[in-house]
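**Student:** Kindly generate the corresponding structure for this input.
(one chain, ligands or ions: 1)
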Amino acid sequence: MAKRFYVTTPIYYVNDKPHIGHTYTTIVADTLKRFYDLLGYETFFLTGTDEHGEKIVEAAKKAGQPTDVYVDKMSAVFEETWVKLNISNDAFIRTTDKGHIKVVQLILQRIYDAGDIYFGTYEGNYCIGCERFLTARELVDGKCPDHKSEPVQSKEENYFFRMGKYRTWLIEYIRKHPEFIRPERYRNEVLGFLSEPLDDLCISRPKSRLNWGVPLPFDENFVTYVWFDALINYISALGYPEKVLFHKFWPVANHLIAKDILKPHGIYWPIMLKAAGIEPCHHLHVHGYWNIDEGKISKSLGKVIDPLKLKNLFGLDAIRYFLMREMVFGLDCNFSEEILIARINADLANDLGNLFSRSLTMVKKYFESTIPQPETITEKEEALKSMALGVVQDYQPLMKDLSFHKALGVIWELVNGVNKYIDDTAPWALAKDRTKMERLKTVMYWTLESLRFISTLLSPFMPETSQKMLAQLGIKEPFPKFHTLNVWGGIRPGTKIGAPTILFPRIDTSRNLNAKTKVS
Ligand code: ME8
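**Tutor:** Numbering: from 1, shown residues only. Next up, the predicted model:
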């Protein structure tokens, strides 16, 4: 089978600018894309913005701007932010794109013609924050648990999608495809929802009330419900139905979301696809929340952290590293500037940064920055080499499993292993003794080769740092490849390497802790 990988983020609402929560999902997607690139797969990475619905109209009103002007401006803010965060998406979809609207209408018409859409009346609790009706069971003290606000009682004549009739099919599908929703806790949560009767889904809004959305192709007095419109982005961006991209990448689709939007992705979306005669998505990967003070970071709750401010304060790759190292994919995680700074100082400035600069400093001093030819090797070299090759073996399944914190953990075992190797072999002492020159050459070669392993494995997480490290090691290929780690001995003796560099400056704790509020 062709090696391909398709990864998507949610398309984010444009009612405010991106915060650290959106940034996390987008960096996970970016890391995965870069990891599969490293493996030599053909990849496609999609992100974008969700621009219809009541909440967007309200936000535009609040900003005092016409809705179309407002969404253009806010969508551009997302796109520009991702550029500044070195996000390597192949496409950026907007639900106001003409091509997307055409596909939404095509699917609606198809489901309507098949008899799965009917006209009726609905009465229920609508949460504008979630842009969906909540069941009584989902409310906590009469409020939406995510938005902490009381839903609005709403009664309207609308179009409905016969979602309920697919309930048994979906339960069977999830049971037969244990790899569909991951981690397992979220599969169980979806099965929990499905153990209750499943209501049909209201998929329209009357134009008299909401004039901002995709018009229903079979009744111009209504626009499409924002979730029905938004979910289709994952296939409209691939040029569904006719484009090559769809046939290439839909069978290998990987959606990334947080648990807030599990229901639309785990229930509405597979049923919509089934009703439209399309295979459900391959994998749905669900992560937890970034919290501050135990509460979810979110625009509607007024707790946000601006990723660009963080980048300016601490550096981009340090932030990328922290997010991927600190959160266990699937679980919630508390965001704290103290932990961020501690990680930067301990893991990046100290362990990795010092290793890199002291290695380059020694090669400069002892061999005029030229990679020496290794001579005889001892048990110590054998041990370091097998450690590096072992880390490569462990890394791949951990990355495929989205266990990023563990993948970084094994890379750091190697970082610490090399630091220990240097301390044990004490090259500064070898350099003082003319008879130990051969030994010194081997030690320096082994150190630099280990750094090649480390920088290659880090490339999906910290692309800029990895590129900088590889270039300093005299490796000119712009895109590292995983297969170069099958063998020990990739760096070439005689190659000139770069001057010692500081990869991550230490953060002055007293200064930054005082400036704590700056990031929020
Ligand atoms: O739901 N922790 O858009 P949205 C972790 N437009 N991730 C977080 C987070 C947090 N505190 N806050 C937000 C929508 N996210 C719809 C999606 S898709 C067809 C339509 C991330 O702007 C996380 O990925 O509210 C979450 O699922 C998403 O932002 C919600 O973004």
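**Student:** residue of the chain with the smallest distance to the ligand?
**Tutor:** G21 (2.2 Å; Cβ to the nearest ligand atom). Just so you know, the C-beta spots here come from the backbone N, C-alpha and C atoms, and that holds for glycine as well.
**Student:** Looking at that residue now. What's its pLDDT?
**Tutor:** According to the prediction, G21 has pLDDT 96.
**Student:** Same question for N512.
**Tutor:** Looking at N512, its pLDDT is 47.
**Student:** returning to that earlier point: which strands or helices does the strand or helix carrying the residue of the chain closest to the ligand pack on?
**Tutor:** Element membership of G21, judged by DSSP states H and E, is helix 20-38. When contacts are defined as 3 or more Cβ pairs under 8 Å, 6 or more residues apart in numbering; DSSP states H and E, helix 20-38 packs onto strand 4-13, strand 42-50, helix 67-84, strand 253-258, strand 283-287, strand 290-292, helix 307-314, helix 316-326.
**Student:** burial measure for D293, as a count.
**Tutor:** The number of residues packed near D293 is 9, by other Cβ atoms under 10 Å.
**Student:** do P280 as well
**Tutor:** For P280, the neighbour count with other Cβ under 10 Å is 17.
**Student:** Let me know whether it touches E179 as I believe.
**Tutor:** No - with contact defined as Cβ atoms under 8 Å, P280 does not count as touching E179 (11.6 Å).
**Student:** still on that earlier bit, list the contacts of the residue of the chain closest to the ligand.
**Tutor:** Listed by Cβ atoms under 8 Å, 6 or more residues apart in numbering, the contact set of G21 reads A258, Y289, W290, K296, I297, S298.
**Student:** Likewise for M387?
**Tutor:** Applying Cβ under 8 Å, 6+ apart to M387 gives the contacts E413, L414, G417.
**Student:** Then T121?
**Tutor:** With contacts defined as Cβ under 8 Å, 6+ apart, T121 is in contact with K155, E156, E157, N158.
**Student:** for R110, same thing?
**Tutor:** By Cβ under 8 Å, 6+ apart, the residues touching R110 are A276, G277.
**Student:** Point me to the helix or strand that includes it.
**Tutor:** Secondary structure from DSSP H and E places R110 in helix 98-113.
**Student:** residues of the helix or strand just after that helix that come out buried?
**Tutor:** Later in the chain than helix 98-113, the nearest helix or strand by DSSP H and E is strand 117-127. Buried residues in strand 117-127, counted by 16 or more other Cβ atoms under 10 Å: I117, Y122, G124, N125, Y126, C127.
**Student:** which bits of the stretch 201-350 of the chain sit near the ligand?
**Tutor:** A230, L231, N233, I257, A258, D260, I261, Y289, W290, K296, I297, S298 (Cβ under 6 Å from any ligand atom).
**Student:** give me the number of residues near the nearest residue in space to I319 that is not next to it in sequence?
**Tutor:** Leaving out its chain neighbours, the residue that sits closest to I319 by Cβ to Cβ, 6 or more residues apart in numbering is L310, at 5.1 Å. Neighbours of L310 under the rule other Cβ under 10 Å: 23.
**Student:** Next: Q153.
**Tutor:** By other Cβ under 10 Å, 9 other residues sit near Q153.
**Student:** Just read off the phi/psi values of it.
**Tutor:** Backbone torsions of Q153, given as degrees, to the nearest 10, read phi -70, psi 130.
**Student:** Verify the stated contact: it with C127.
**Tutor:** No - taking contacts as Cβ under 8 Å, Q153 lies outside contact range of C127: 11.4 Å.
**Student:** And the strands in the stretch 151-300 of the chain?
**Tutor:** 152-161, 181-182, 201-202, 204-206, 215-216, 219-224, 253-258, 283-287, 290-292, 295-296 (DSSP state E, counting those that start in this stretch).
**Student:** now those strands in CSV, with distance to L139 and mean pLDDT?
**Tutor:** Formatted as CSV, the strands of the stretch 151-300 of the chain follow (distance: least, Cβ to Cβ, whole Å; pLDDT from 0 to 100):
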stretch, distance to L139, mean pLDDT
strand 152-161, 12, 90
strand 181-182, 24, 98
strand 201-202, 18, 92
strand 204-206, 22, 93
strand 215-216, 29, 98
strand 219-224, 26, 97
strand 253-258, 20, 98
strand 283-287, 22, 98
strand 290-292, 21, 92
strand 295-296, 17, 74
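**Student:** I'd like those laid out as a markdown table, including distance to F367.
**Tutor:** Output for these, formatted as a markdown table (distance: least, Cβ to Cβ, whole Å):
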| stretch | distance to F367 |
| --- | --- |
| strand 152-161 | 70 |
| strand 181-182 | 49 |
| strand 201-202 | 68 |
| strand 204-206 | 71 |
| strand 215-216 | 71 |
| strand 219-224 | 67 |
| strand 253-258 | 45 |
| strand 283-287 | 46 |
| strand 290-292 | 46 |
| strand 295-296 | 53 |
